[in-house]
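Student: structural data only, the sequence is not supplied:
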């Protein structure tokens, strides 16, 4: 008997819930309270462990002030057969990394394009050094 794995679409919807929640500065507990569930349930939704039903997804969209369709879209984000380089994550999944959203928000506030470019170069250098040392 094989272990049941979450559907890739459920995982992607969960990631999008998390991204939208973080964008609005809501904690899992705050979202859970507005939905009438536990924060653990919100965690399971965000990880794709528990599937979000249509009614609950509609309520989540309402609480977050977005259209339900925001949780769906770009086929390559949810298609498990989409061709990607090994180890390459979907752009949305990258935003679920701890601190990534804060970093992106702060980066977006920088007006000087030369400074933004320098920051990207620095982060890429740091990242490549870490990869080559492991």
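Tutor: Cool, got the structure. In this text the structure is predicted, and so the values were computed from the model without any measurement.
Student: what packs against the helix or strand containing residue 32?
Tutor: According to DSSP states H and E, residue 32 maps onto helix 28-35. In terms of contacts (3 or more Cβ pairs under 8 Å, 6 or more residues apart in numbering; DSSP states H and E), helix 28-35 is packed against helix 39-47, helix 54-64. Where C-beta positions appear, they are placed from N, C-alpha and C, glycine not excepted.
Student: the residue lying closest to residue 47 once chain neighbours are set aside sits in which helix or strand?
Tutor: Counting by Cβ to Cβ, 6 or more residues apart in numbering, residue 47 lies nearest to residue 14, which is 5.7 Å off, once chain neighbours are set aside. According to DSSP H and E, residue 14 maps onto helix 8-23.
Student: helices or strands up against that helix?
Tutor: Applying 3+ Cβ pairs under 8 Å, 6+ apart, one finds that helix 8-23 contacts helix 39-47, helix 54-64, helix 75-78, helix 91-94, helix 100-108.
Student: that one: which residues count as buried?
Tutor: Neighbour-count burial for helix 8-23 flags 8-22 (criterion: 16 or more other Cβ atoms under 10 Å).
Student: ok, so of those, who is nearest residue 57?
Tutor: residue 13 (7.3 Å; Cβ to Cβ).
Student: just to check, that closest one is in contact with residue 56?
Tutor: No. Using Cβ atoms under 8 Å, residue 13 is not in contact with residue 56; the gap is 11.0 Å.
Student: good, we can wrap up now.
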